[in-house]
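Participant: Let's see this in three dimensions:
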Amino acid sequence: MRGRDMRVAAIDCGTNSIRLLIADVSASGMRDVVREMTVVRLGQGVDATGRFADDAIARTFAACDQYAAQCARKGVERIRFVATSATRDAANRDVFIRGVEERLGVTPEVISGDEEAALSFAGATRELLGNTPSPFLVLDIGGGSTEFVLGIEAPLAARSMNVGCVRMTERHRITDRPSEESLAAATEDIDEAILEAAGTVPLHDAKTLVGVAGSVTTVAAHALGLLAYDPYAIHLARLSLAQVQAASDDFSRATASERAALPYMHPGRVDVIPAGALILRRVMEVGGFDRVLVSEHDILDGIAWSIAS
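Facilitator: Numbering: from 1, shown residues only. Take a look at the predicted model:
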């Protein structure tokens, strides 16, 4: 870590959303300047077609233009742009990469699932060391993939699986009051992925399950009965398995309009939250976890730390 504060910008472009963190990072810690998220659904249809849709690329480039302007206004010294699951899978990713370079002046890094897992782990656990039982299992539920990362000060084992909230929603049509058949098919997919991940990552060695990203934080908002999305109330909340099961059932039984009316629900998460909640639920049930520690800090924070290290 350098001796002075460095103003950095971390950008995480996933299957469902693109997010920006502008922060001042020093040896003593990190201070947020800007933290925001835009739902662009870059991974729309990628599971079926293997390509980015033109309108999905256009939405993502519009967000990049906004983020470039913010970086310029805030005097950002260094930017790191990381792209994850959808970009790894898309045949026309070169179009996306060139467009990002033109707008932000940096080349987006299409990182491997293992590196994605390591960055998520670093972001989620840095503040937990020394005050929370370890090893930690960091569960990062994205749009296209879910990362399982076990470690203490650094990852000991990691696995990225192609089950995410967007991918499961599209593949199994888990949308407006999904049928029992759709939920059963998705559960089978998810369970298969969990068991495969467990072959690399010994889930039962974990002392604390740490859940990150929007599906987990939205489940927390529901379980806590929030009247608005409040990251300070959500961060470090501990949810029981029963609370997660109840939230999963509520989201699956509700219509899209009923979910949209929930005061904490982001519009871009309305259609994918039943699948996201189901992934969290099945990891807890299959893995034998009776609680999950919810963190607002994740891969975005890990990217910011990596820039200044």
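Participant: Only C-alpha atoms from now on, for both contacts and neighbour counts.
Facilitator: Fine.
Participant: For residue 118, give me its contacts.
Facilitator: 149, 154, 155, 158 (Cα atoms under 8 Å, 6 or more residues apart in numbering).
Participant: Between all of these, which two are separated the most?
Facilitator: Maximum pairwise distance in these, criterion Cα to Cα, is 10.6 Å, between 154 and 158.
Participant: the more surrounded of the two?
Facilitator: Using other Cα atoms under 10 Å, the more surrounded residue of residue 154 and residue 158 is residue 158, with 24 against 16.
Participant: Quick check: closest non-adjacent residue to the more buried one.
Facilitator: Take residue 158 and drop its neighbours on the chain: the residue closest to it by Cα to Cα, 6 or more residues apart in numbering is residue 149, 4.3 Å away.
Participant: Which is the succeeding secondary structure element to the helix or strand containing the one you found?
Facilitator: Using DSSP states H and E, residue 149 sits in strand 146-151. Downstream of strand 146-151, the next assigned helix or strand under DSSP H and E is strand 155-161.
Participant: ok and that following strand relative to strand 146-151, angle-wise?
Facilitator: 170 degrees (axes from the mean of the first three to the mean of the last three Cα atoms, to 10 degrees).
Participant: Give me the distance between strand 155-161 and the centre of its chain.
Facilitator: Computed by Cα atoms, centre = their mean, to the nearest Å, the chain-centroid distance of strand 155-161 equals 15 Å.
Participant: Neighbouring strands - and their directions - for it?
Facilitator: strand 146-151 (antiparallel) (DSSP bridges).
Participant: Mind listing residues that contact stretch 152-162?
Facilitator: 85, 113-114, 117-118, 121-122, 125-126, 129, 134-136, 144-151, 193, 197, 200-202.
Participant: If we use 7 Å, what do you get?
Facilitator: Contact with stretch 152-162 is made by 113-114, 117-118, 121, 134-136, 144-151, 193, 197, 200-201, as judged by Cα atoms under 7 Å, 6 or more residues apart in numbering.
Participant: do the same with stretch 276-283
Facilitator: Under Cα under 7 Å, 6+ apart, the answer for stretch 276-283 is 141, 164, 165, 190, 191, 194, 215, 216, 219, 244, 245, 248.
Participant: Check the offset of it from the chain's centre.
Facilitator: 13 Å.
Participant: Next: stretch 254-272.
Facilitator: How far stretch 254-272 lies from its chain's middle: 18 Å, per Cα atoms, centre = their mean.
Participant: what's the average pLDDT for it?
Facilitator: In this model, stretch 254-272 has a mean pLDDT of 94.
Participant: And it, end to end?
Facilitator: Counting by Cα to Cα, to the nearest Å, you get 12 Å between the two ends of stretch 254-272.
Participant: With stretch 35-43 instead?
Facilitator: Start to finish, the residues bounding stretch 35-43 are 22 Å apart (Cα to Cα).
Participant: show me where pLDDT drops low in this protein?
Facilitator: Counting by pLDDT under 70, the ranges of the chain that qualify are 1-4, 85-86.
Participant: that older thread, between the contacts of stretch 276-283, which is closest to residue 206?
Facilitator: Looking across the contacts of stretch 276-283 and measuring by Cα to Cα, the closest to residue 206 is residue 194, at 14.6 Å.
Participant: just checking, the closest one is part of a helix?
Facilitator: Yes. Judged by DSSP: H, G, I helix; E, B strand; the rest coil, residue 194 forms part of a helix.
Participant: now it: how far from residue 235?
Facilitator: Separation of residue 194 from residue 235 (Cα to Cα) stands at 25 Å.
Participant: Mind checking which of those two has more residues around it?
Facilitator: When neighbours are counted by other Cα under 10 Å, residue 194 and residue 235 differ, and residue 194 comes out ahead with 23 against 16.
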